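A.B. asks: I would like the atomic coordinates for the input below:
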Amino acid sequence: MDVADINWDMVAALSQVFGFAGVVWGLFQNRRALQTQTALEFYRRYAEITGRMPDELRLPAHASREWSSLAEKAREQAQLTLIDYFNLSSEEFALYRKGRLARDVWSVTRAEIAGKLSRSLWREGWKQVRSEYASDPAFVRLMDQLAVARS
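C.D. replies: Got it, this is the predicted structure:
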């Protein structure tokens, strides 16, 4: 084949196609990296909030305790950290609903919330702070469903 026989328009078109495919692949890889970074940031924030929770909320040994059995100071601390925890959960849920958070990331958080709501102390705590989320009825419905499913 002679250089004169090469269809340079075809070579240019193929180069553009492969270039475009490379850009799409790069964007896909970048999106996955950003999703991973977002998930890690959420998990870091959850760990920070959990670290501030009273032992009654953190330790399974207290799972069956009644909310009213907590000392006033522990109830107050529990309410504040539950608000922080559920605020972060509602942010994550909102991002998921808008398609800005990967399904697998949300499914991990949803499973964690469901597991926590299997404890009566968490269910009662949710009832204590539920009114804070009146502006997000979809989140309230989800939390109520998870709390009922675990009771």
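A.B. asks: and R150, what pLDDT?
C.D. replies: On the pLDDT scale, R150 is placed at 60.
A.B. asks: Give me the distance between stretch 127-143 and the centre of its chain.
C.D. replies: Distance of stretch 127-143 from its chain centroid, counting by C-alpha atoms, centre = their mean, to the nearest Å, is 16 Å.
A.B. asks: so where's the protein shaky on pLDDT?
C.D. replies: Scanning the chain for pLDDT under 70 picks out 1-5, 8, 11, 14, 17-18, 20-31, 150-151.
A.B. asks: could you pull out the helices for it?
C.D. replies: Using DSSP state H, the helices of the chain run over 8-52, 55-58, 72-97, 103-116, 120-129, 137-150.
A.B. asks: what about those helices, which gets the closest to S64?
C.D. replies: Set against S64 and scored by C-beta to C-beta, those come closest in helix 120-129, at 5.8 Å. In short, each C-beta sits where N, CA and C put it, glycine included.
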